[in-house]
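> here you go, sequence then predicted model.
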Amino acid sequence: MIKSALRTAALAVAVSAIAFAAQAKNPMVGGAAMYPTKNIVQNAMKSKDHTTLVAAVKAAGLVSTLEGKGPFTVFAPTNEAFAALPAGTVDTLLKPENKAKLTKILTCHVVAADAMAKTVAKMIKDDGGEHDIKTVGGCVLKAKEDMGKITLTDESGGVAHVTIADVKQSNGVIHVIDKVLLPKM
């Protein structure tokens with residue numbers, strides 16, 4: 001009886017250690033732990049650096065999509081990235097009458113694949129230094145590697161840098177970026 005209880009306790013400790021180790025590998029984002037067992041929306045909602053993105057996803061009606069099975073790769077702009085847009089842009093985009101434009105911008109940050117940074121870097125290398133990434137929104141992002149960091153050039157010529165890569169989610173991966181990617185308007 002005691003041996004059985006000890007084995008059960010040892011198994012529980014081992015499972016807890018494995019679960020903790022799996023969660024510990026994910027980087028912190030916005031001061032919050034990101035859990036690979038949670039989906040993109042659940043984790044993004046915990047990041048204090050992504051409150052604008054979460055509000056935009058809600059306004060565009062994309063919550064259920066990004067909570068879905070996936071897999072998705074989301075290039076997630078920070079609050080600072082949204083704040084760098086011209087004054088009033090975010091408030092205008094969040095208005096119901098601009099939902100289609102907001103949806104287009106947000107879906108240009110989403111790829112229908114689970115693309116870890118190592119995979120993207122290999123595609124860049126295999127393509128001679130630049131790889132086209134097609135997004136769910138129909139945009140084409142130009143991925144390059146600059147001094148070990150991945151950059152994305154949007155259709156308007158803006159360049160975003162991946163500042164935190166490979167934040168594993170239950171339905172894909174998030175790469176935090178420092179600029180909002182814009183489609184050709």
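Now that the structure is in, tell me what you want to look at. Residues are numbered from 1 along each chain as shown.

> which SS class is the residue nearest to Gly129 when sequence neighbours are not counted?
Closest residue to Gly129 apart from its sequence neighbours, by C-beta to C-beta, 6 or more residues apart in numbering: Lys144 at 6.5 Å. No exception for glycine: its C-beta is placed from N, CA and C like everyone else's. Using DSSP: H, G, I helix; E, B strand; the rest coil, the three-state assignment for Lys144 comes out as strand.

> please apply the same query to Met123.
Going by three-state DSSP: Met123 is helix.

> which pLDDT does the model give it?
What the model reports as pLDDT for Met123 is 95.

> that one contacts Gly129, correct?
No. The criterion here is C-beta atoms under 8 Å, and Met123 misses it with Gly129 at 10.8 Å.

> between these two, which one's more packed in?
More crowded of Met123 and Gly129, by other C-beta atoms under 10 Å: Met123, with 15 against 10.

> and the nearest residue to the more buried one once chain neighbours are set aside, bridged to which residues?
Distances taken as C-beta to C-beta, 6+ apart put His131 closest to Met123, at 4.2 Å, once the chain neighbours are dropped. With DSSP bridges as the criterion, His131 is bridged to Ala143.

> residues contacting His131?
His131 makes contacts with 120, 123-124, 142-144, as judged by C-beta atoms under 8 Å, 6 or more residues apart in numbering.

> ok, now Asn39?
If you count contacts by C-beta under 8 Å, 6+ apart, Asn39 has them with 66-67, 70, 169-171.

> by neighbours, which of the residues you listed wins?
Busiest of the contacts of Asn39 [other C-beta under 10 Å] is Gln169, holding 26 neighbours.

> which residues touch that residue?
Counting by C-beta under 8 Å, 6+ apart, the residues that Gln169 touches are 34, 36, 38-40, 43, 70, 72.

> for Cys139, same thing?
107-108, 154-155, 181, 183-184.

> and it, what are its phi and psi?
Phi and psi for Cys139, reported as degrees, to the nearest 10, are phi -80, psi 160.

> neighbouring strands of the top strand by length along the chain in the sheet, and parallel or not?
Longest strand in the chain by number of residues (criterion: DSSP state E): strand 159-169. Partner strands for strand 159-169, per DSSP bridges, with pairing direction: strand 149-153 (antiparallel), strand 172-177 (antiparallel).

> show residues contacting the shortest one.
What it means is strand 149-153. By C-beta under 8 Å, 6+ apart, the list of residues contacting strand 149-153 reads 75, 117, 120-121, 124, 133, 141-145, 159-162, 165, 175, 177, 181.

> tell me the buried residues in it?
Going by neighbour count (16 or more other C-beta atoms under 10 Å), the buried part of strand 149-153 is 150-153.

> kindly report the same for stretch 25-42.
Applying a neighbour-count criterion of 16+ other C-beta under 10 Å, the buried positions in stretch 25-42 are 26, 29-30, 34-35, 38-42.

> I am finished for the moment; much appreciated.
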